[in-house]
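S.K.: Okay, here's the prediction I keep looking at, along with the sequence it came from:
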Amino acid sequence: MLTRRRFLVPAFDPVTDRLTPIEQPETPSPRAFMARALELARLGSRRNEGTPYGCVIVKDNRIAGEGWNRASVRHDATAHAEIEAIQEACRREQRRDLAGYVMYTNGGRPCPMCETAAYWARIDRIFTAVSSPDEITDRGAPKYGGC
Amino acid sequence: MTDHSLPQHGLVRKTLVRRTFLRWGGRMAGTLAALPLLFRGGQAGADRSMPPIEQPAEATPRAFAARAIEMRDLASHTGDQGYGAVIVKDGKIIGQAPSRVVLHNDPTAHAEMEALRDVARRVGRENVRGAVMYGSSPACPMCEAGAYWAGIGALRHGRAAAGGAAPRLRKC
Ligand SMILES: [Zn+2]
Ligand SMILES: [Zn+2]
């Protein structure tokens, strides 16, 4: 489970010049990935970094990138959870084509900015859940403009 | 032409360091975000260490559109996708960027998104409200929705600064 301490670990360590590894769930499953997205949403908003949205990008049962809404702390309206997660996954995987990766995010459906970003990143599928990791909706492949 | 946007190696490094700083700072506590307000006595989020943007001789839509084209050429020159964007408020350029999709390996780094991030770093989010975004080409739905979220008042594109409508979140 994600703890407060884990949240303080930076994705990038300026001393070693390396990305710190992502803590993976003990038993990887759609439920575990969605639970992580919901947890990131909770923790991010509790820290007043933005609205309660969290997102993880997954490939082969492994979290490749995590993000949460940081619009407030960055003063940047584009810092939605999905955008942050896509950027993080691309940085870690050193690729800008995320074909073969899927997205888990909370809420009804990503906004058009984020869904189009997922489209540009060639993400395979988007899974959403409003509040429970047991109620996951498969939104299919991201659509251009969310249309 | 301002040189701080030139995506040279040093800038990549600087951007990385800045991002790291933002990450660290952000994760420490949300309250830290208010510190710039206290110590700089200015807009929260403002990064005064960034070199100022060189303003065009005349503050006209054509001149701002020309800068967006300059940014586009800058992107092409560095092997990136040929797009540029500029954000203008009260007759001043407050943010500008070339596309950095290839350079940063970031599919979200369209010129318009990067320009919004540039403004966020320079003056904070609140000052974007009502600004005009000039793109070398019409904005894609990601960038238009990003402009909508940021509170951009109008979108213009091309050398002739065509358009002028407010960005829409969804077009369907
Ligand atoms: Zn979004
Ligand atoms: Zn775009």
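M.R.: Ah, there it is. Ligands and ions are numbered 1, 2, ... in the order given.

S.K.: When you work out contacts or count neighbours from here on, use the C-alpha atoms and nothing else.
M.R.: Fine.

S.K.: For chain B, which segments are assigned as strands?
M.R.: B:84-89, B:92-98, B:132-135, B:154-157, B:162-163 (DSSP state E).

S.K.: for those, which one ends up most surrounded?
M.R.: strand B:132-135 (a mean of 32; mean count of other CA atoms under 10 Å in any protein chain shown).

S.K.: Would you list the strands that that one pairs with, along with their directions?
M.R.: Here strand B:132-135 is paired, per DSSP bridges, with strand B:84-89 (antiparallel), strand B:154-157 (parallel).

S.K.: anything in the first one near ligand 2?
M.R.: In other words, strand B:84-89. No: under the criterion of CA under 5 Å from the ion, ligand 2 is not reached by strand B:84-89; the shortest gap measures 10.1 Å.

S.K.: what's that strand in contact with?
M.R.: Applying CA atoms under 8 Å, 6 or more residues apart in numbering or on different chains, the contact partners of strand B:84-89 are B:64-65, B:67-75, B:93-99, B:111-112, B:115-116, B:119, B:128, B:130-137.

S.K.: follow-up on the earlier one: okay if I get the strands paired with strand B:132-135 as JSON lines plus mean pLDDT?
M.R.: As requested, those are exported to JSON lines (pLDDT from 0 to 100):
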{"stretch": "strand B:84-89", "mean pLDDT": "98"}
{"stretch": "strand B:154-157", "mean pLDDT": "98"}
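
S.K.: that older thread, I'd like the strands of chain B as JSON lines, with distance to residue A:37 appended.
M.R.: Shown next, in JSON lines, are these (distance: least, CA to CA, whole Å):
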{"stretch": "strand B:84-89", "distance to residue A:37": "32"}
{"stretch": "strand B:92-98", "distance to residue A:37": "31"}
{"stretch": "strand B:132-135", "distance to residue A:37": "33"}
{"stretch": "strand B:154-157", "distance to residue A:37": "33"}
{"stretch": "strand B:162-163", "distance to residue A:37": "39"}
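
S.K.: before we move on, what SS does residue A:51 have?
M.R.: coil (DSSP: H, G, I helix; E, B strand; the rest coil).

S.K.: What distance do you get for the residue nearest to it when sequence neighbours are not counted to ligand 2?
M.R.: Of all residues not flanking residue A:51 in the chain, residue A:45 sits nearest, at 5.4 Å (CA to CA, 6 or more residues apart in numbering or on different chains). Residue A:45 sits 27 Å away from ligand 2, going by CA to the ion, to the nearest Å.

S.K.: And the host helix or strand of residue A:45, what does it pack against?
M.R.: Taking DSSP states H and E as the definition, one finds residue A:45 inside helix A:30-46. On a contact count with 3 or more CA pairs under 8 Å, 6 or more residues apart in numbering or on different chains; DSSP states H and E, helix A:30-46 meets strand A:54-59, strand A:62-68, strand A:102-106.

S.K.: Could you dump those strands into TSV with mean pLDDT and distance to ligand 2 added?
M.R.: Formatted as TSV, those follow (pLDDT from 0 to 100; distance: least, CA to the ion, whole Å):
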stretch	mean pLDDT	distance to ligand 2
strand A:54-59	98	21
strand A:62-68	96	20
strand A:102-106	98	20
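
S.K.: got the residues of chain A near ligand 1?
M.R.: Residues of chain A lying near ligand 1 (CA under 5 Å from the ion): A:111, A:114.

S.K.: Alright, calling it a day.
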